[in-house]
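In: Predicted model, plus sequence, below.
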Amino acid sequence: MNKHHYVAIMAGGIGSRFWPMSRTNFPKQFLDILNTGKTLIQATYDRFAAFIPAENIYVVTSNEYINIVKKQLPQLPLQNILGEPSRKNTAPCIAYISYKLHEFDPEASLIVAPSDHLILDPVAFNKVCFEALSFVGKHNALITLGIKPTYPHTGYGYIQYEQQAVSDNVYKVKTFTEKPELPIARTFIASGDFLWNAGIFVWQVKNIIPAFKKHLPEMYDVFEAEKEHFNTTQEVPALQRIYPLCTNISIDFGIMEKADNVYVIPSSFGWSDLGSWNSAWENLEKDYMNNASGGGNVIVFDTQRCMVHTPENKLVVIQGMEDFIVVDTNDVLLICKREKEQDIKEYVAEVKRNKGDKYL
């Protein structure tokens, strides 16, 4: 293991598309969505612990989730659980960990990954990570991992890349496209030079900080002004001054789509972003009628292609449904068409308007 290799696991999201199972006070990264015996963040940690020193793995999360992370990852050093004072998307999160690492290890190479993705082939994933770490160790490069698409998914971002490799399996990125309409997604797949954007990034921290200076100068200025406080007792007060001044923006929009030193590694390691109930349905074992169940106490009749998640202590009997999502918790029952799953965020907003925060 290389002492200059680090991982930042981003775990601050609220996972609203997995409502009502995912709640604001206990979101999806802390749940065992696929009944594997591990929560999503535990599986993510274990994946990286296979090739990154434990003391070099960090979790960046919301302050309100620090105790959950402590409980679910007791092997993680307490100082490696970093709390953000507010949710400002991925750019401030990445600026924080990058500045923190750069202050004590200017040669640090960093993998940034979400806490809630599914990866079925960890051996292939490790290989791609080593390829990326090797490349950024020799070049001023920002790498994103791209997934070879299997169908025209409209919920993913797409990366177009040059066909001539600059190194073994490393290609220059041409364009990024966010969540295209189906006809465009079909065109992308047919062209053969597009990948799904996995949202997993690799770079040296000494190279991402100048990218903030160039493309997000206001954010760069506020972190730069406080950098001497990182890794000291003044780190938390510094963050409380920094975050209110940060724009709410993703690293994709803020830097990756603008920088001219962005590269991609086309990959196949059984990836899903597990962003919705449909993605859970795709990855769960199904019965002969293509129904997937996240609970073992479900009986179905004349029912096809449904995603059902229910408590183990409740028997649920379903008849005559096709292509539905059914999620039952102690206080909320959600029933909606699978094709309408992108509207779950709207349902949550309507619940908030009518019922307050009680069910969120």
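Out: Looks like it arrived, so ask away. Numbering: from 1, shown residues only.
In: Residue ranges in the protein under the pLDDT threshold?
Out: The model of the chain has no residue with pLDDT under 70.
In: mind checking the longest helix of it?
Out: Assignment by DSSP state H gives helix 122-138 as the longest helix of the chain.
In: tell me which residues in that one are buried?
Out: By 16 or more other C-beta atoms under 10 Å, the buried positions in helix 122-138 come out as 122, 125, 126, 127, 128, 129, 131, 132, 133, 135, 136. From N, CA and C alone the C-beta is placed, and that goes for glycine too.
In: List the contacts of residue 179.
Out: 154, 155, 156, 157 (C-beta atoms under 8 Å, 6 or more residues apart in numbering).
In: In TSV: the residues you listed, plus neighbour count, distance to residue 37 and secondary structure.
Out: Formatted as TSV, these follow (neighbours: other C-beta atoms under 10 Å; distance: C-beta to C-beta, whole Å; DSSP: H, G, I helix; E, B strand; the rest coil):
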residue	neighbour count	distance to residue 37	secondary structure
154	14	32	coil
155	16	27	coil
156	22	27	coil
157	22	31	coil
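In: list the helices and strands the longest helix of the chain packs on?
Out: Here helix 122-138 touches strand 109-114, strand 142-147, strand 194-204, strand 262-267, going by 3 or more C-beta pairs under 8 Å, 6 or more residues apart in numbering; DSSP states H and E.
In: mind putting the buried residues of helix 122-138 in a markdown table, distance to residue 273 included?
Out: Shown next, in a markdown table, are the buried residues of helix 122-138 (distance: C-beta to C-beta, whole Å):
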| residue | distance to residue 273 |
| --- | --- |
| 122 | 17 |
| 125 | 14 |
| 126 | 19 |
| 127 | 20 |
| 128 | 16 |
| 129 | 17 |
| 131 | 21 |
| 132 | 18 |
| 133 | 22 |
| 135 | 23 |
| 136 | 23 |
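In: And the residues you listed, which is closest to residue 225?
Out: residue 136 (26.9 Å; C-beta to C-beta).
In: wait, isn't that closest one in contact with residue 129?
Out: No - using C-beta atoms under 8 Å, residue 136 is not in contact with residue 129; the gap is 10.8 Å.
In: Now do the shared contacts for those two.
Out: residue 202.
In: What is the neighbour count of the closest residue to residue 137 other than its chain neighbours?
Out: What sits nearest to residue 137 in space, not counting adjacent residues and going by C-beta to C-beta, 6 or more residues apart in numbering, is residue 109, at 5.9 Å. Residues within reach of residue 109, counting by other C-beta atoms under 10 Å, total 22.
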